[in-house]
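Asks: next come a sequence and a model predicted from it.
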Amino acid sequence: MTAVADPAPTPASSPADSDLVRAARGLPVRRTPVWFMRQAGRSLPEYRALRAGTRMLEACQDPDLVTEITLQPVRRHGVDAAILFSDIVLPLVVAGVDIEIKPGVGPVVAHPVRTVADVDALPPLEPDRLAFLATAVRRLVAELGTTPLIGFAGAPFTLATYLIEGGPSKEHARTKAFMYAEPQAWGRLLDRLAVSAATFLNTQVDAGASAVQLFDSWAGVLSAADYAERVLPHSRAVLDGLGDRDVPRIHFGVGTGELLPLIGDAGADVVGVDWRVPLDEAARRVGPHRSLQGNLDPAVLLADRATVDREVRRVVEQGRAARGHVFNLGHGVLPETDAGVLTHVVELVHELTTR
Ligand SMILES: Cc1c2[nH]c(c1CCC(=O)O)Cc1[nH]c(c(CCC(=O)O)c1C)Cc1[nH]c(c(CCC(=O)O)c1C)Cc1[nH]c(c(C)c1CCC(=O)O)C2
């Protein structure tokens with residue numbers, strides 16, 4: 001059922017009462033909440049200016065920079081949520097794994113995990129090394145007022161792809177080969193990654209984040225059977241690791257049309273959907289007990305205004321089939337996107353859905 005507005009909507013009294021959190025729980029909203037994956041980043045000139053001269057993974061560990069970069073898209077676009085400026089590989093970096101983020105490429109691992117011994121040599125993440133993260137989150141929560149902060153972590157499978165491939169990959173063939181050839185070491189690797197992801201998430205929630213997103217960006221390369229047996233239990237462990245922390249859980253991957261029910265079953269309140277499956281169909285696949293997030297194709301934002309408007313309207317309409325809808329893109333903002341178009345999309349979604 002589509003969430004219906006209160007007769008006389010009053011402004012949110014706290015982040016926990018925000019439209020983002022309400023939509024995620026399937027409660028009535030004032031208007032459909034909007035945020036964008038990669039809303040902080042190269043589409044913003046003020047981001048490029050602030051980041052100049054600082055390496056990505058250094059910036060992520062500097063509470064001043066994290067706070068400012070996280071707030072930039074909230075100020076500029078009026079989005080309904082902030083997402084912490086960080087990266088999915090950060091828990092590994094903090095634990096001592098030698099990783100660099102190469103501009104225009106992505107994370108590159110100096111010594112990829114290729115053997116059982118490599119798995120057992122991975123350093124654990126000590127929670128007391130995350131003080132910078134708790135500081136940044138506390139500052140952000142103070143600055144954001146009633147706007148919720150979304151904390152996030154990379155899911156075990158997607159992190160394993162970077163560790164095993166040594167960098168970005170299309171087919172993830174080495175990852176799958178290791179998964180099939182060394183099922184026990186695979187299980188230990190994903191267990192470890194689940195523990196560090198849970199530590200990373202819990203630090204953010206304990207410091208005041210109002211929702212979390214687990215990014216399993218590359219899970220869509222797996223069959224449903226392999227995902228269910230070899231990956232889902234570890235993602236569930238991350239989300240279960242939140243314990244009784246009462247924040248909504250968003251769970252997202254790209255190309256996961258065939259996995260959507262399982263992505264939900266791993267313990268999500270909200271299933272993130274890319275542009276390949278329309279939201280009304282996605283709602284049928286995940287069932288009536290979960291909300292949806294998505295799913296405008298990021299490339300649409302490079303098209304003319306009439307196309308943008310038509311596609312935004314379509315996503316909003318199809319999203320009405322969901323228990324609750326968080327408007328987003330189907331994947332991250334492309335760096336060449338005009339920031340003005342993002343602001344326009346926020347305004348249009350609000351206009352179309354204000355009751
Ligand atoms: C797979 C993945 C990564 N990182 C992330 C994912 C999952 C989401 C997805 O599927 O895109 C998650 C992530 N990375 C970043 C955020 C910040 C919050 C936000 O969404 O605004 C989030 C949530 C910042 C970032 N992470 C990165 C940037 C760009 C670095 C820069 O600006 O120099 C940002 C803003 C770097 C990064 N980090 C990663 C890639 C593939 C890249 C892109 C490399 C490039 O194109 O230069 C790994």
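Replies: Sure thing, it's come through.
Asks: bridged to the residue in the stretch 51-200 of the chain positioned nearest to the ligand, which residues?
Replies: Using Cβ to the nearest ligand atom, the closest approach of the stretch 51-200 of the chain to the ligand is made by G106 at 3.3 Å. (Glycine included, C-beta is placed from N, CA and C.) Using DSSP bridges, the bridge partners assigned to G106 are K102.
Asks: excluding chain neighbours, what is closest to the residue of the stretch 201-350 of the chain found nearest the ligand?
Replies: Taking Cβ to the nearest ligand atom as the measure, the stretch 201-350 of the chain has S217 as its residue closest to the ligand, at 3.1 Å. Taking Cβ to Cβ, 6 or more residues apart in numbering as the measure, S217 lies nearest to T158, with 5.0 Å between them; neighbours along the chain are not counted.
Asks: go ahead and confirm the one you found touches W218.
Replies: Yes: using Cβ atoms under 8 Å, T158 makes contact with W218 at a distance of 5.0 Å.
Asks: quick one: the helices in the stretch 201-350 of the chain?
Replies: 224-226, 232-240, 260-265, 279-286, 305-319, 339-353 (DSSP state H, counting those that start in this stretch).
Asks: now render the ones you listed as CSV, adding mean neighbour count.
Replies: Shown next, in CSV, are the helices of the stretch 201-350 of the chain (neighbours: other Cβ atoms under 10 Å):
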stretch, mean neighbour count
helix 224-226, 13
helix 232-240, 21
helix 260-265, 22
helix 279-286, 20
helix 305-319, 16
helix 339-353, 18
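Asks: wait, which of the ones you listed is closest to A197?
Replies: helix 232-240 (4.6 Å; Cβ to Cβ).
Asks: tell me the mean pLDDT for that closest one?
Replies: For helix 232-240, mean pLDDT rounds to 98.
Asks: T199 touches P127, doesn't it?
Replies: Yes: the criterion here is Cβ under 8 Å, and T199 meets it with P127 at 5.3 Å.
Asks: of the two, give the one with the bigger neighbour count.
Replies: The neighbour count for T199 versus P127, taken as other Cβ atoms under 10 Å, is higher for T199 (21 against 14).
Asks: so which elements touch the helix or strand where that one lies?
Replies: In the assignment (DSSP states H and E), T199 maps to helix 183-206. Here helix 183-206 touches helix 90-95, helix 116-120, helix 131-144, strand 149-154, helix 156-165, helix 173-181, strand 211-215, helix 232-240, going by 3 or more Cβ pairs under 8 Å, 6 or more residues apart in numbering; DSSP states H and E.
Asks: mean confidence score for that helix?
Replies: For helix 183-206, the per-residue pLDDT averages 98.
Asks: in PDB, list the C-alpha atoms belonging to that helix.
Replies: Coordinates of each C-alpha in helix 183-206 appear next as PDB, following Å, rounded to 0.1, in the frame of the first residue of the first chain:
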ATOM      1  CA  PRO A 183      34.600 -22.500   0.400                       C
ATOM      2  CA  GLN A 184      35.900 -22.600   4.000                       C
ATOM      3  CA  ALA A 185      38.400 -19.800   3.500                       C
ATOM      4  CA  TRP A 186      35.700 -17.900   1.600                       C
ATOM      5  CA  GLY A 187      33.400 -18.300   4.600                       C
ATOM      6  CA  ARG A 188      36.200 -17.100   7.000                       C
ATOM      7  CA  LEU A 189      36.900 -14.100   4.800                       C
ATOM      8  CA  LEU A 190      33.300 -13.000   4.600                       C
ATOM      9  CA  ASP A 191      32.900 -13.600   8.400                       C
ATOM     10  CA  ARG A 192      35.800 -11.200   9.000                       C
ATOM     11  CA  LEU A 193      34.500  -8.600   6.600                       C
ATOM     12  CA  ALA A 194      31.100  -8.900   8.300                       C
ATOM     13  CA  VAL A 195      32.600  -8.200  11.700                       C
ATOM     14  CA  SER A 196      34.500  -5.100  10.500                       C
ATOM     15  CA  ALA A 197      31.500  -3.800   8.600                       C
ATOM     16  CA  ALA A 198      29.400  -4.200  11.700                       C
ATOM     17  CA  THR A 199      31.900  -2.400  13.800                       C
ATOM     18  CA  PHE A 200      32.000   0.400  11.300                       C
ATOM     19  CA  LEU A 201      28.200   0.700  11.200                       C
ATOM     20  CA  ASN A 202      27.700   0.400  14.900                       C
ATOM     21  CA  THR A 203      30.300   3.200  15.500                       C
ATOM     22  CA  GLN A 204      28.200   5.500  13.200                       C
ATOM     23  CA  VAL A 205      24.900   4.600  14.800                       C
ATOM     24  CA  ASP A 206      26.200   4.900  18.400                       C
END
